[in-house]
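>>> Below is the sequence, then the predicted model.
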Amino acid sequence: MEMEKQETYDIMAVCLLAGKIMLQSGAETYRVEDTMMRIASSFGAYQSHPYVTPTGILFSVEGNEPTKTKLIRIVERTTDLEKVAQVNGISRRISAGEFTIEEAYKELKKIGESGSPYSVWIHVLAAAVSSGCFLIMFQGEWRDFFPAFITGGLGFLSLMYFHQLVPIKFFSEFSASLLIGLQALFFVTTGIGGELDKIIIGSVMPLVPGLLITNAVRDLMAGHLISGLAKGADAFLTAFAIGAGIAVIFSFF
């Protein structure tokens, strides 16, 4: 019996690790719960009950012996869809019987401990290019592509810096948008840029929580009301921080 209980705890550890990686990487709530249940079922735990919110995961498994419900906290959340896809791949291989519990845990541990495959400067370059492209998409002038490129790249770099300095999302997003507004104003007043509004709109787009809004709506549609409302509130605060930073610039200049 003791061995069966220990095996149940091992299954719970694998499921919780998979759910933690996915939730920290920006996966939807329903996807996290579905993956955890599929993994548990593949290892023989057919009665599993995951409960996922943006800040924590509760998980229990029914069996012959009573088991403890386990809880893990989720503090850091980012967007890394590569890790979500990797965990989904591990889940499919578990369902196909390719992994034991120990092997699955080791593979998930590797995924969780791996960093981003792209450096900080690649992220900044991608933000800069996308800012210029968003400006053109919003019918801006080509002469403003370079100002938007510089403003968007420096704004995204400042977002990462301020987040490391003070790990409060609202502060880092407000400060980054404030800096974007100042840079855009500088380009326009010096004559390098032409349309202030288009430069600002293009530059703040890499900061907009698009995935968070999409996941919030998807969770609400799937019936996960708490997660959907929580993610929606998070997205609202992010949008408010961005708008407040830009509003300060327009108020004084």
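Yes, it's here. Everything numeric in this text was worked out from a predicted model, so none of it was measured.

>>> what ranges do the strands span in this structure?
Using DSSP state E, the strands of the chain run over 48-53, 56-61, 70-73.

>>> Within the sheet, what are the partner strands of the first one, with directions?
Under the criterion DSSP bridges, strand 48-53 sits next to strand 56-61 (antiparallel) in its sheet.

>>> before we move on, what about the last one?
In the sheet, strand 70-73 lines up against strand 56-61 (antiparallel) (DSSP bridges).

>>> Any chance you could list what contacts the partner strand?
Strand 56-61 has contacts (Cβ atoms under 8 Å, 6 or more residues apart in numbering) with 8, 11-12, 15-16, 19-20, 23, 32, 36, 40, 45, 47-52, 67-74. Using the backbone N, CA and C atoms, a C-beta is placed for each residue, glycine as well.

>>> For residue 1, give me the pLDDT.
With respect to pLDDT, residue 1 has a value of 43.

>>> ok, residue 84 to residue 141 distance?
Using Cβ to Cβ, to the nearest Å, one gets 38 Å for the distance from residue 84 to residue 141.

>>> follow-up on the earlier one: if any of the contacts of strand 56-61 are buried, put those into a PyMOL selection.
Buried residues among the contacts of strand 56-61 (16 or more other Cβ atoms under 10 Å), as a PyMOL selection:
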select buried, resi 8+11+12+15+16+19+20+23+32+36+40+45+48+50+51+52+67
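
>>> How is the chain partitioned into domains?
Listed domain ranges for the chain are 2-113, 120-252 (source: automatic domain parsing).

>>> Off-centre distance for the shortest one?
Using Cα atoms, centre = their mean, to the nearest Å, we find the averaged C-alpha position of domain 2-113 to lie 18 Å away from the chain's own average C-alpha position.

>>> buried stuff in stretch 137-150?
Buried residues in stretch 137-150, counted by 16+ other Cβ under 10 Å: 140, 144, 145, 146, 147, 148, 149, 150.

>>> to the chain's geometric centre, what's the distance from that stretch?
How far stretch 137-150 lies from its chain's middle: 27 Å, per Cα atoms, centre = their mean.

>>> quick one: residue 155 from residue 116, how far?
For residue 155 relative to residue 116 (Cβ to Cβ), the value is 19 Å.

>>> Please compare these two by neighbour count and tell me which comes out ahead.
Neighbour count, other Cβ atoms under 10 Å: between residue 155 and residue 116, residue 155 has more, with 30 against 12.

>>> Not counting its neighbours along the chain, what's nearest the more buried one?
residue 180 (3.9 Å; Cβ to Cβ, 6 or more residues apart in numbering).
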